[in-house]
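**Q** need a 3D model of the sequence below.
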Amino acid sequence: MALQLRPNCEYCDRDLPPDATDARICSYECTFCAECVETKLFNVCPNCGGGFAPRPIRPTQEWRPGVCTSKQAPSDKRVHLKYSLDDVAAHCARVRDVPPEKR
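**A** The predicted structure follows:
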């Protein structure tokens, strides 16, 4: 099963196309831009509390049969935070000093 490759930052709604090098995801595929991860979330997923990693880029060229963005299309469903900004800030402040591998 391929990653969804969600099209936007859940915090600021910045477009994050499939080839975005500044897209970050957690283990649940929550998707944010690098700027929000670094300056607002402090490497804490506001949904699950996990850390972030750079989102892989899906090839546009079909190097192997059936494996490319045209055969496994990225998601077009925009996702937004389900928590208030105040709640997100409090959650991130509570968790940010715990290393992701210990959360």
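**Q** kindly state the beta-bridge partners for the residue positioned nearest the centre of the chain.
**A** Central residue of the chain (CA atoms, centre = their mean): Thr31, 1.8 Å from the mean position. Beta-bridge pairing for Thr31 (DSSP bridges): Ile25.
**Q** got a list of what it touches?
**A** By CB atoms under 8 Å, 6 or more residues apart in numbering, the contact set of Thr31 is Arg6, Asn8, Cys9, Glu10, Leu16, Ala23, Arg24, Ile25, Arg55, Val79. Backbone N, C-alpha and C define where each C-beta goes, glycine included.
**Q** out of the residues you listed, which is nearest to Cys68?
**A** Closest approach between the contacts of Thr31 and Cys68, by CB to CB: Arg55, at 16.5 Å.
**Q** so how far is Pro65 from the closest one?
**A** Remark: distance between Arg55 and Pro65 (CB to CB, to the nearest Å) = 24 Å.
**Q** tell me the pLDDT at the residue lying farthest from the centre of the chain?
**A** Using CA atoms, centre = their mean, the residue of the chain lying farthest from its centre is Pro65. It sits 27.0 Å away. Per-residue pLDDT puts Pro65 at 95.
**Q** now the helices for this structure?
**A** For the chain, helices defined by DSSP state H occupy the ranges 34-39, 85-95.
**Q** deepest of the ones you listed, which one?
**A** Most buried of the helices of the chain, by mean neighbour count (mean count of other CB atoms under 10 Å): helix 34-39, with a mean of 16.
**Q** what pLDDT, on average, does that helix get?
**A** What helix 34-39 shows for mean pLDDT is 98.
**Q** hey, C-alpha coordinates of that helix in PDB?
**A** Presented in PDB, the C-alpha positions along helix 34-39 are these (Å, rounded to 0.1, in the frame of the first residue of the first chain):
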ATOM      1  CA  ALA A  34       9.000  21.700   7.400                       C
ATOM      2  CA  GLU A  35       8.500  25.300   8.500                       C
ATOM      3  CA  CYS A  36       5.500  24.500  10.700                       C
ATOM      4  CA  VAL A  37       7.200  21.300  12.100                       C
ATOM      5  CA  GLU A  38      10.200  23.400  13.100                       C
ATOM      6  CA  THR A  39       8.700  26.700  14.200                       C
END
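**Q** cool, thanks, signing off.
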